[in-house]
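Colleague: Kindly return the folded structure for what I paste below:
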Amino acid sequence: MTDRLPSGSDRVDAILGGGLPLNGIALVMGSPGTGKTILAQQYLFHNASAERPALYLSTVSEPLEKILRYGQALDYFDATALGTSVIYEDLGRTLNENGLPGVLARITELIKHKPPGLIVIDSFKALQDYTTGVQAYRRFLHELAGRLSAMPITSLWIGEYDADDPTDAPEFAVADAILALSTDRTSERGMRVLQVLKLRGSGFLAGKHTYRLSSQGLDAFPRLADPIDLDAYSDTAERTSSGVPALDVMLSDGYWRGASTLVAGPSGVGKTLLALHFLYAGAQRGEIGVIATFQENPTQLDRMLRGFSWSVKEPGIELMYRSPVDLYLDEWVYDFLDTVQRTRANRVVIDSLGDLRAAATGDEIRFREYVYSLLQRCARTNISVIMTLEVPDLFGVTRLSEYGISHLSDNVVLLQFLRGESELKRAITVLKTRGSSHDQHLRQFNISSDGISIGEQFATEQSLL
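Modeller: Numbering: from 1, shown residues only. All right, here's what the predicted structure looks like:
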């Protein structure tokens, strides 16, 4: 978009409705270490040119030499651009000797000498300490904003502001856009969060968006909240096999194409195995499948698969293993969607929802929104989804989910243990099939080297306890 300033990251620009307002003033706030300087330099190098250079002005919060030293570790830092398309200058001495009037005069001189397309002032908040009073500071802001706005220059003002500053600091009223970078902490886990607090004359994605910092800069993961679009769904009568013939019969000829299925049960009952039956049955038909797992690493998974004459390297099967340690729900979702799109998968398995819920750091509403949006995106492209969920009850399962995921699923299959006379028995029940009839009986199933085999229904006197 010609009226927007891109960041160099498509997902950051998506949060901002296309980018920052061109030729406006944007304020980036956050505590030390949140990545403000990294984001500012990302804008700097992405938009600088010899005709319209980018100007980076440091004040007194961090020495210019330190900014440059750490900046050189970033992938987008281009040393050949220094002095031509990217210009760094330290305003610290000017500020110490001549105060705000000196800073205003120096900035005016710089933009007149060679008008920049982008100017960064870091730290802008440090300028407050050099004012002689509130009125003098407001006059400085008014004059600076007026001189910058009179020319086609986009400004980034960087500062260590906290959550209370936007209601008090006068620069927030001057800014056309306000971005807040912060870290949300739950127990021992920290999650970096970007929020758009203001974007004058433009729409943007509201809410908290997580982000990561790396040598490539700031990469954001927009909050996944899909709106309802009834025209985007296709009406298909096609059924897909679960990979277990007897379960297909219980489901009245398998799952609907594009349906979501929750397989719930206690630890060790066979949830992952039942989901893999579905995936490998699809692979035999030439359908691509993705295993998105947190439970087993590739070595453990391959060892388990070999016991059933399967292989993690089988054509048409893509393994997406991620450690549940330091996992961002938002980052994982976009990684998952990219994997599904790249492989053109028809069937996917998510093993398990409990790990995704932990990545939501206790935000149950956020977790539910993400699962809903993820399932809707898959449904619109007729991708069938199997999700596993571990329940706390080993015998006599009394509840499936404390956060409403079973209501979002088209099918719910419950696996549980029953106490026999001298051994544990496994039982399978189809609790729900949306838009279809199903067998509601409790049936015994066994696990062998051939996988899962389902037998007859239990007698009515069989106790669940």
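Colleague: Contacts for the lowest-mean-pLDDT helix or strand in the chain, please.
Modeller: Ranking every helix and strand in the chain by mean pLDDT, DSSP states H and E puts helix 405-408 at the bottom, with a mean of 74. Residues from elsewhere that reach helix 405-408 (CB atoms under 8 Å, 6 or more residues apart in numbering): 260, 262, 264, 353, 368, 371-372, 375, 387, 389, 400, 412, 432. All C-beta spots, glycine's among them, are computed from the backbone N, C-alpha and C.
Colleague: nearest to residue 163, of the residues you listed?
Modeller: residue 368 (26.1 Å; CB to CB).
Colleague: So for the particular helix or strand that has residue 102 in it, mean pLDDT?
Modeller: Element membership for residue 102, per DSSP states H and E: helix 92-113. Mean pLDDT, helix 92-113: 89.
Colleague: got it, and stretch 135-155?
Modeller: For stretch 135-155, the mean confidence score works out to 90.
Colleague: Counting neighbours, which bits of it end up buried?
Modeller: 137, 140-141, 144-145, 148, 153-155 (16 or more other CB atoms under 10 Å).
Colleague: Neighbour count, distance to residue 224 and secondary structure added to the contacts of helix 405-408, as CSV?
Modeller: Formatted as CSV, the contacts of helix 405-408 follow (neighbours: other CB atoms under 10 Å; distance: CB to CB, whole Å; DSSP: H, G, I helix; E, B strand; the rest coil):
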residue, neighbour count, distance to residue 224, secondary structure
260, 26, 15, strand
262, 26, 19, strand
264, 26, 23, strand
353, 20, 15, helix
368, 18, 11, helix
371, 26, 9, helix
372, 17, 9, helix
375, 22, 11, helix
387, 26, 16, strand
389, 22, 20, strand
400, 20, 23, coil
412, 22, 23, strand
432, 19, 25, strand
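Colleague: Between those residues, which sits nearest residue 80?
Modeller: Once CB to CB is applied, the member of the contacts of helix 405-408 that ends up nearest residue 80 is residue 371, at 47.0 Å.
Colleague: Does that closest one touch residue 353 like I think?
Modeller: Yes - look at residue 371 against residue 353 with CB atoms under 8 Å: they come within range, at 7.3 Å.
Colleague: any idea how far residue 355 is from residue 387?
Modeller: Distance, residue 387 to residue 355, by CB to CB, to the nearest Å: 11 Å.
Colleague: so what pLDDT did the closest residue to residue 332 other than its chain neighbours get?
Modeller: Nearest residue to residue 332, sequence neighbours excluded (CB to CB, 6 or more residues apart in numbering): residue 322, at 6.1 Å. pLDDT for residue 322: 90.
Colleague: can you count the residues close to residue 322?
Modeller: The local packing of residue 322 (other CB atoms under 10 Å) involves 16 other residues.
Colleague: okay, now the nearest residue to residue 169 once chain neighbours are set aside: neighbour count?
Modeller: Of all residues not flanking residue 169 in the chain, residue 161 sits nearest, at 6.6 Å (CB to CB, 6+ apart). By the criterion of other CB under 10 Å, residue 161 has 24 neighbours.
Colleague: Next, give phi and psi for residue 161.
Modeller: phi -80, psi 150 (degrees, to the nearest 10).
Colleague: Check what pLDDT it gets.
Modeller: On the pLDDT scale, residue 161 gets 88.
Colleague: Next, find the distance separating it from residue 134.
Modeller: Residue 161 is 17 Å from residue 134, by CB to CB.
Colleague: Using PDB, write down the CA coordinates of stretch 123-143.
Modeller: Extracted C-alpha coordinates of stretch 123-143, given in PDB (Å, rounded to 0.1, in the frame of the first residue of the first chain):
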ATOM      1  CA  SER A 123      15.000   7.300  23.400                       C
ATOM      2  CA  PHE A 124      12.300  10.000  23.100                       C
ATOM      3  CA  LYS A 125      11.200   9.600  26.700                       C
ATOM      4  CA  ALA A 126      14.600  10.700  27.800                       C
ATOM      5  CA  LEU A 127      13.900  14.200  26.400                       C
ATOM      6  CA  GLN A 128      11.300  14.800  29.200                       C
ATOM      7  CA  ASP A 129      14.200  15.100  31.700                       C
ATOM      8  CA  TYR A 130      15.500  18.100  29.900                       C
ATOM      9  CA  THR A 131      12.400  20.200  30.000                       C
ATOM     10  CA  THR A 132      12.000  23.400  32.100                       C
ATOM     11  CA  GLY A 133       8.300  22.700  32.600                       C
ATOM     12  CA  VAL A 134       5.200  21.200  31.200                       C
ATOM     13  CA  GLN A 135       4.400  24.100  28.900                       C
ATOM     14  CA  ALA A 136       8.000  24.200  27.500                       C
ATOM     15  CA  TYR A 137       7.800  20.500  26.800                       C
ATOM     16  CA  ARG A 138       4.400  20.900  25.000                       C
ATOM     17  CA  ARG A 139       5.800  23.700  22.900                       C
ATOM     18  CA  PHE A 140       8.800  21.600  21.900                       C
ATOM     19  CA  LEU A 141       6.400  18.700  20.900                       C
ATOM     20  CA  HIS A 142       4.200  21.100  18.900                       C
ATOM     21  CA  GLU A 143       7.100  22.600  17.000                       C
END
